[in-house]
Structure formats: C-alpha cells, structure tokens
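*Asks:* Sequence unavailable; structure follows:
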C-alpha cells in the first residue's frame, strides 16, 4: 500500500506537475465540501462551533480592550 502511494506521490509531484496536482487537489476538496451532506447532528455541531467562535472573538476583544485601558 505504501509503495503504491509513494509512486503516486512521486508521479503527482514530479517536476512540472506540482501546480497541476495542487490545483486538482484544491478543486476536489472544494467539490467535496460543497457536496457534503451533513447529518442533523453534524449541522448542529457546526452551528454550535460557529457560535462559540463568535462568542470567543467577542470575549477576546473585550479582554484586549480592558488590557489597553489598564496600561
């Protein structure tokens, strides 16, 4: 298995190929993300994570503002 993967990597990233390979990987990743179907639990988890990230950013900004006042 590893030898086959090694051969694929060597071919994909051979001189003159990295840009095409990286473009193909990026397109495949974007297509997979766009077509991804989430379970209700996964969708809720993503929503919760986004909300937590928003709240964390707000708290960090408040801490930084307070730190500037104390200097």
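*Replies:* Now that the structure is in, tell me what you want to look at. The shown structure was predicted, so the numbers you read here are calculated from the model rather than taken from an experiment.

*Asks:* any idea of the mean pLDDT in the lengthiest helix in the chain?
*Replies:* Counting residues, the longest helix found in the chain (DSSP state H) is helix 40-70. The average pLDDT for helix 40-70 rounds to 89.

*Asks:* cool, stretch 10-29 as well?
*Replies:* If you average the pLDDT over stretch 10-29, you get 86.

*Asks:* Check which residues of the longest helix of the chain are buried.
*Replies:* Of the residues in helix 40-70, none count as buried by neighbour count, 16 or more other CB atoms under 10 Å. From N, CA and C alone the C-beta is placed, and that goes for glycine too.

*Asks:* from the middle of its chain, how far away would whichever strand or helix holds residue 4 be?
*Replies:* Residue 4 belongs to helix 2-12 when elements are defined using DSSP states H and E. What separates the centre of helix 2-12 from the centre of its chain is 24 Å, taken as CA atoms, centre = their mean, to the nearest Å.

*Asks:* where does residue 46 sit relative to residue 29, distance-wise?
*Replies:* Look at residue 46 and residue 29: by CB to CB, to the nearest Å, they are 17 Å apart.

*Asks:* what about residue 12, how many neighbours?
*Replies:* When counting by other CB atoms under 10 Å, one arrives at 14 neighbours for residue 12.

*Asks:* again with residue 15
*Replies:* Number of residues near residue 15 (other CB under 10 Å) recorded here: 5.

*Asks:* now swap in residue 21 and tell me
*Replies:* Neighbours of residue 21 using other CB under 10 Å come to 15.

*Asks:* For it, which residues are in contact?
*Replies:* Residues near residue 21 by CB atoms under 8 Å, 6 or more residues apart in numbering: 12-13.

*Asks:* any idea which element it lies in?
*Replies:* With elements taken from DSSP H and E, the one containing residue 21 is helix 18-35.
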